[in-house]
Structures are given as C-alpha cells and as structure tokens.
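Q: attaching a predicted model along with its sequence, questions to come.
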Amino acid sequence: MAAEITFGVSTWLWTSPFQTSSVEELFPKIAAMGFDAVEIAVEDPDLIDGEAVKKGLEKYGLKAVICGAFGPTRDLTHEDPAIHQNCFNYIEACLDLCVLWNIPFFAGPMYSAVGKARMVSVEQRKREWGLAVSNLRIACNMAQTRGIKLAIEPLNRFESDLINTAADVVRLVKDIDHPAAGILLDGFHMNIEEQDIAAAIRLCGSKLYHLQVSENYRGTPGTGQTRWEAFSEGLNSINYKGIVAIESFTPENKELAGAVCIWHPFAASQDEFATEGLHFLKSHFK
C-alpha cells in the first residue's frame, strides 16, 4: 500500500521567532507555492495571537503543525524541578494552540535541552533517562486530556546525548508507556545517525506522526546525498498518511543561525529553497 503524503514547510526557513505578524508575511506565499501545511515553530507563545493565526490558516487553506523549541530553561532532565515546571507551562501553552488550530499532535525534542551533548556517567545517564520518562508521561497526560498526542524527535549526537536514533526514541516511547506518546523523525538527523533509513522508519511504524526533511547538509531537498528512495520505501512500508515538511533555517537571523551552525545561505533565496524543495518532493513522492 502506498503512503498518502501531504507537504509542509517550517516557518524557521524564513523567520525566528514566529509571531502574529508572521501570518500575513508567510502564509500567503506558502499557500501560493503549493504547500498543504505550515509547520509553525513556536518559540514564545506570548508572541502569538492564536485566534489571528487560526483565521490566517483558514484564509489561506493551510493545515498546521506545531514544533516546539527546547532550550536550557525547558529541560525535563534538569536537576531543578522549577525548570521542569517551566517546560510543562510551555508545553501546555503549545498544546492549547494545537487544540485551537486543530492539530492532532505537538512535536519536538521535548525530553531535554537542545545542545546538551556531554560525556556523563552511566548512573547520570540512567537518572536523566528516568526523568525524561516520568516527565514526558506527565506531558502525555496533559496532551491526552486535550485529545492531543506528542511526537518526540531524536536529534543527532552533536545536539543531544540522550535520544539520537529511531531505536532510542522507540525505547523511550515504550518506557513512557502512554497512548499519547509518538514520534517525529527528521531526515537531517537520520542522515547522521541511522545505518538504514527505511529500517528506522519501519521500526517507528504507526507511532510515526510526522516527518521533517532537508538535504544531508540542511539544504534544498534533491541537491545533496540523501537516499530519498529509502524514505519512500520506509514510508510506503508503514502506509504513512502524514505530512512531510521541509525544515531548515534562515541565515538572516544571526541568533538562530548560530544556534544551528548555519554560516552561509544554502540557496539563492529562502523562497527558492522552498519552491525547489517542494518541486523535488512532489516529483519524488508521487
């Protein structure tokens, strides 16, 4: 059975942080380019008028996905419970936006702070794994009460020392043992960490709620070394019916570019990145 795929693009390709004014700046051209969905990177919920965004989504005929941003103050494996609570407050705000925008899941690497890559003892690793499991179970309860699920994302070894592969996130989801716990995979991280991309997708199976893609170097899909046939094989094998979203970042925002180590543009313009990437994805995932 073939996968049934629709296509999206992240607001991070153009802007950071996403705010209410981003709606009229981005949504018309994202829709005109032919995307089905916009992946909204919610860095600060206080900058977003949820009702205004909802009207924008309806106006331009776009579905939405929310991907979260998890820095040092939103770390569910931190030793300070106050940091956990700050993260829960943020997750709750994002879940409420999911309800408002009719999104079935909230996505992102929500187990720990991005960039937390250290050599620690086995004992500390077990302790932090336990915190991730117990705290994400709490987040799953928060999601379930709203009819929402979580899509938890592995990151490559240079951005996380906890969850790097599909096998890691599947083990985490099994340990959380909650019906709201699911998975987001990102092709950029997979190109670094996975020996077999199709097998990684199959391992996630029905728990795979969302897929992000770019090239192996974070550039425009179709311009690098990614084995796109492996993505097709994997998605078809699990009969994937979700969104494939382009996620990369603008070099124009220096703070964001520095955080993700993008030192130069990957395309003549971010609009070209999006349009050429979508053209390739539509031609590949027929």
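A: It's in.
Q: and the contacts of the helix or strand harbouring residue 151?
A: Under the criterion of DSSP states H and E, residue 151 resides in strand 149-152. If you take Cβ atoms under 8 Å, 6 or more residues apart in numbering as the criterion, strand 149-152 is touched by 104-111, 136, 139-140, 143, 163, 169, 172-173, 179-184, 209-210. In this view, the C-beta of every residue, glycine as well, is placed from N, C-alpha and C.
Q: what about those residues, which are in helices?
A: 136, 139, 140, 143, 169, 172, 173 (DSSP state H).
Q: quick one: the second one from residue 59, how far?
A: Here the criterion is Cβ to Cβ, to the nearest Å. By it, residue 139 lies 31 Å from residue 59.
Q: compare the two and say which is more crowded by neighbours.
A: Higher neighbour count among residue 139 and residue 59: residue 139, with 25 against 13, using other Cβ atoms under 10 Å.
Q: what sits against that one?
A: 76, 88, 91, 110, 150.
Q: circling back: which two of the ones in helices among the contacts of strand 149-152 have the greatest separation?
A: Spatially, the most separated pair among these is 143 and 169, at 16.4 Å (Cβ to Cβ).
Q: any chance of the ones in helices among the contacts of strand 149-152 in a markdown table, plus distance to residue 259?
A: As requested, the ones in helices among the contacts of strand 149-152 are exported to a markdown table (distance: Cβ to Cβ, whole Å):
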| residue | distance to residue 259 |
| --- | --- |
| 136 | 23 |
| 139 | 23 |
| 140 | 27 |
| 143 | 26 |
| 169 | 22 |
| 172 | 24 |
| 173 | 27 |
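Q: most surrounded residue in those residues?
A: Ranked by neighbour count (other Cβ under 10 Å), those have residue 169 at the top, with 29 neighbours.
Q: quick check: next helix or strand after the helix or strand of the chain with the lowest mean pLDDT?
A: When each helix and strand of the chain is scored by mean pLDDT, DSSP states H and E, helix 254-259 comes last, with a mean of 69. Downstream of helix 254-259, the first helix or strand assigned by DSSP H and E is helix 270-284.
Q: any idea how far residue 95 is from residue 224?
A: 35 Å.
Q: more neighbours: which of the two?
A: The neighbour comparison of residue 95 against residue 224 (other Cβ under 10 Å) goes to residue 95, with 24 against 15.
Q: low-confidence ranges, the stretch 1-150 of the chain, go.
A: 1 (pLDDT under 70).
Q: wait, residue 153 sits on residue 188?
A: No. Counting by Cβ atoms under 8 Å, residue 153 stays clear of residue 188, with 10.8 Å between them.
Q: more neighbours: which of these two?
A: Using other Cβ under 10 Å, the more surrounded residue of residue 153 and residue 188 is residue 153, with 24 against 21.
Q: mind listing what that one touches?
A: 107, 108, 109, 110, 163, 169, 183, 184, 185, 186, 189, 212.
Q: I'd say the third one and residue 70 touch.
A: Yes. In this structure residue 109 lies within contact range of residue 70 using Cβ under 8 Å: 5.8 Å.
Q: which non-adjacent residue is nearest residue 6?
A: Distance criterion Cβ to Cβ, 6 or more residues apart in numbering; nearest residue to residue 6, sequence neighbours excluded, is residue 36 at 3.9 Å.
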